[in-house]
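Enquirer: Mind looking at a prediction? Sequence and model below.
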Amino acid sequence: MNKLLVIPTAIALLAACSQEPQTFEPPKAAGNAEAGKLIAEAECGGCHGADGHGVAPGIPHLAGQPVAYLEKALADYEAGIRTHAALQDLTARLDDQQQLDLAAWYASLPPVTVTDGHHLQLTSYEQGEQLAATCASCHGERGNSVMAGVPSLAGQQPLYFMAATQAYLHGTRDMSGMEETVRGLSKTDIEKLALFYASQTPLPREAPTYGDPAAGQPLSASCGGCHGASGVSHDAATPSLAGQDPDYLVKATQDYRGHVRQHEVMFGEKTDADIRNIAAFYAVQAPRAAEDEPMSAEKLTRSCDRCHGPGVEVAGMAVPRLNGQDRDYLIMSLRAYRDDKRESTMMHKMSLPYSDSMIEAVATRYANRSPE
């Protein structure tokens, strides 16, 4: 598993889970649901509905949420920990008992039923797979190139893929035809492609007709510090070279040597014969995918399910249910946690490695799930 920005890592998750949980001690007084219903009808129905169903995208469903979570949310708005002008104004006008009553009402309602519209949303991985169809004519089925001089993309490190694609898009990396191919891609499109290709299985390659892999091995020693032993990178921003097309490796290395392609480290005085030997060595090394399984929404939500999964209760923590929640609201919330605009040390650490496309995938999965 990668250890940088795009892909959630074991280190990031362990660090997040090692934090002291943000506990919430519910007030001793109990809320009166019937009294809360009157408040909901008078104050909340315009956005959340008296039945707890958000009336528009981006507005959360409140029906069936744990009462402790709703109580804490209201208290946080009153204290300014969570910011929303209308809710801060509302909580300032409600006394403690009224807040308890309101939370009790929404907690007592049946959860929202999942709508068919959410099921039409493809995950980021699936969208990346669709986008990759355009690349297959040159880069091969699922990114395994069989065209001399064209690099394989299968299993490639995601941040490197994104940086290279952006370079083509902005014209700072010259390759005939690539600018036109990527011109219509958005930032999230590129992220989706990176996620897809990172988990594809790279196929082994036969030795080229030139170069000597045995002679290339000692020459590659200076490359291993960045590209990993035998060309298998463990850095999301550094490309793997193992199993790569040798013609592509020769051309790329010569371009770095001649400063046609710019990089502060990729330069040197290696001869053409040295470069061919190094390319031959890397071409025959066993490749490995950057990710050990598809970066599906199922994989991305595993860590979240430990607290938010169906039937999970976390002692001492006010944890919301996510199943069936509004997709747009989940996207906004996860981005706010990731960007440290919504207070929660644990949630910030958990979401920090997630790109926008990954957040969309997580939100889509939870919005599709039927409430437990």
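Expert: Everything's here; your move.

Enquirer: all contacts plus neighbour counts: C-alpha atoms, from now on.
Expert: Noted.

Enquirer: where does the stretch 1-150 of the chain dip in pLDDT?
Expert: 1-29, 115-123 (pLDDT under 70).

Enquirer: quick one: the helices in it?
Expert: Under the criterion DSSP state H, counting those that start in this stretch, the stretch 1-150 of the chain contains helices at 10-17, 33-39, 45-48, 67-79, 85-93, 96-108, 116-119, 124-132, 136-139.

Enquirer: Next, the contact list for the residue nearest to A30 when sequence neighbours are not counted, please.
Expert: Of all residues not flanking A30 in the chain, L100 sits nearest, at 6.7 Å (C-alpha to C-alpha, 6 or more residues apart in numbering). By C-alpha atoms under 8 Å, 6 or more residues apart in numbering, L100 lies in contact with A29, A30, G31, N32, G36, E71.

Enquirer: just Q156 next, same as before
Expert: Taking C-alpha under 8 Å, 6+ apart as the test, what Q156 contacts is A194, Y197, A198, P239, S240, A289, A290.

Enquirer: go again using 7 Å as the cut-off
Expert: When contacts are counted by C-alpha atoms under 7 Å, 6 or more residues apart in numbering, Q156 touches Y197, A198, P239, S240, A289, A290.

Enquirer: hang on, it in a strand?
Expert: No - judged by DSSP: H, G, I helix; E, B strand; the rest coil, Q156 forms no part of a strand; its state is coil.

Enquirer: Out of the helices of the stretch 1-150 of the chain, which is the most enclosed?
Expert: helix 96-108 (a mean of 23; mean count of other C-alpha atoms under 10 Å).

Enquirer: tell me the angle of that helix relative to helix 67-79?
Expert: Helix 96-108 and helix 67-79 are oriented at 140 degrees to each other (axes from the mean of the first three to the mean of the last three C-alpha atoms, to 10 degrees).

Enquirer: Does A280 lie in a helix or a strand, and which?
Expert: helix 272-283 (DSSP states H and E).

Enquirer: got a list of contacts for that helix?
Expert: 205, 207-208, 210-217, 219-220, 230-231, 241-246, 249-250.

Enquirer: Mind giving me the packing neighbours of the helix or strand following that helix?
Expert: Downstream of helix 272-283, the first helix or strand assigned by DSSP H and E is helix 297-308. Packing partners of helix 297-308 (3 or more C-alpha pairs under 7 Å, 6 or more residues apart in numbering; DSSP states H and E): helix 356-368.

Enquirer: Could you dump the helices of the stretch 1-150 of the chain into CSV and include distance to R302?
Expert: Shown next, in CSV, are the helices of the stretch 1-150 of the chain (distance: least, C-alpha to C-alpha, whole Å):
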stretch, distance to R302
helix 10-17, 11
helix 33-39, 34
helix 45-48, 29
helix 67-79, 21
helix 85-93, 32
helix 96-108, 26
helix 116-119, 20
helix 124-132, 16
helix 136-139, 31
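
Enquirer: Provide a list of residues in contact with the closest residue to H53 other than its chain neighbours.
Expert: Spatial nearest neighbour of H53, excluding adjacent residues (C-alpha to C-alpha, 6+ apart): H61 at 4.8 Å. Going by C-alpha under 7 Å, 6+ apart, H61 touches H48, G52, H53, G54, Q325, D326.

Enquirer: Need these in TSV (columns: distance to Y256).
Expert: What follows is the contacts of H61, written out as TSV (distance: C-alpha to C-alpha, whole Å):
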residue	distance to Y256
H48	58
G52	60
H53	58
G54	55
Q325	50
D326	49
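
Enquirer: most neighbours, which of these?
Expert: Greatest neighbour count in the contacts of H61, by other C-alpha atoms under 10 Å, goes to Q325: 32 neighbours.

Enquirer: just to revisit the earlier point, and the contacts of helix 272-283, which are buried?
Expert: In the contacts of helix 272-283, burial by neighbour count holds for 205, 207-208, 211-213, 215-217, 219-220, 230-231, 241-246, 249-250, counting by 16 or more other C-alpha atoms under 10 Å.

Enquirer: I'd like to know which of those residues are part of helices.
Expert: P213, A215, G216, Q217, L219, P246, L249, V250 (DSSP state H).

Enquirer: Let me have the residues you listed in TSV, extended by pLDDT and distance to A279.
Expert: As requested, those are arranged in TSV below (pLDDT from 0 to 100; distance: C-alpha to C-alpha, whole Å):
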residue	pLDDT	distance to A279
P213	97	8
A215	97	11
G216	96	7
Q217	96	10
L219	94	10
P246	98	5
L249	97	6
V250	96	6
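
Enquirer: what's around S222, how many residues?
Expert: So S222, with other C-alpha under 10 Å, has 9 neighbours.

Enquirer: Please, which helix or strand holds it?
Expert: Assigned by DSSP H and E, S222 falls in helix 221-227.

Enquirer: That helix: which residues count as buried?
Expert: For helix 221-227, using 16+ other C-alpha under 10 Å, the buried residues are C223, C226, H227.

Enquirer: Also stretch 261-281?
Expert: Here stretch 261-281 shows R261, F267, D274, I275, R276, N277, I278, A279, A280, F281 as buried, counting by 16+ other C-alpha under 10 Å.

Enquirer: By pLDDT, rank these and give me the bottom one.
Expert: The lowest pLDDT within those belongs to F267, which sits at 62.

Enquirer: Fine, thanks again, bye for now.
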